[in-house]
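*Asks:* dropping a prediction and its sequence here:
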Amino acid sequence: MNNSDHNQVLHATRLDIPPQIRLYVIQLLNQTLACTVDLRSHVKQAGWNVRGNDFAPLQALFAALASQLDAYADLVAERIAALSRPAVMMAKEAVNAAFELTLAEGLRLERRLFYGTFATADRREGMTAFAEKRSPNFQNR
């Protein structure tokens, strides 16, 4: 997949955050979400592999940690969704890729998705509107 496969645009929201900051926050939240989902998978696997006399308390600990990580991942995903619809698409792709990619490969994917927004008309409009201290007029292009 290349950058032209992703027409990421920032849709208008009620959030009063400059476009470049929104895009940066989206990137950070995507990374956080991917790492959280990856960590949750490792915690669940650790719980499945517990053996010995301390089986029950350790398995309970790993189950509790996985549950807390699920809740945290949901919170991060909700925050991403509040920023823009294309951000949800980017986050979903990053999270799905987290199961198949190494950390370095995942970060490269997220960076590519982020830089893909540079080619959109809405990105240029958002940056211009910010510099001119006016509200952007996004066209979803």
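*Replies:* Thanks, I have the structure now. What you see is a predicted model, and the numbers here were worked out from it, not measured in a lab.
*Asks:* give me the pLDDT for the closest residue in space to Glu93 that isn't next to it in sequence.
*Replies:* Using Cβ to Cβ, 6 or more residues apart in numbering and skipping residues adjacent in sequence, the residue nearest Glu93 is Leu113, 6.7 Å away. Bear in mind the C-beta positions are built from the backbone N, C-alpha and C, glycine included. Reported pLDDT at Leu113 in the predicted model: 75.
*Asks:* the one 3 residues further on too?
*Replies:* At Gly116 the predicted local distance difference test score is 68.
*Asks:* in this structure, which helix or strand is least confident?
*Replies:* Scoring the helices and strands of the chain by mean pLDDT, DSSP states H and E places helix 85-98 at the bottom, with a mean of 70.
*Asks:* I'd like the next helix or strand past that one.
*Replies:* Once the chain leaves helix 85-98, the next helix or strand it forms, by DSSP states H and E, is helix 103-116.
*Asks:* what sits against Leu107?
*Replies:* Contacts of Leu107 were listed using Cβ atoms under 8 Å, 6 or more residues apart in numbering, and they are Gln31.
*Asks:* phi and psi next, for Glu100.
*Replies:* The phi and psi torsions at Glu100 (degrees, to the nearest 10) take the values phi -110, psi -20.
*Asks:* for Asn49, that is, sorry about that
*Replies:* Backbone dihedrals for Asn49, given as degrees, to the nearest 10, come out at phi -100, psi 10.
*Asks:* hey, where'd the strands end up in the protein?
*Replies:* Using DSSP state E, no strands are found in the chain.
*Asks:* tell me which residue is most central in it.
*Replies:* Asn30 (1.7 Å; Cα atoms, centre = their mean).
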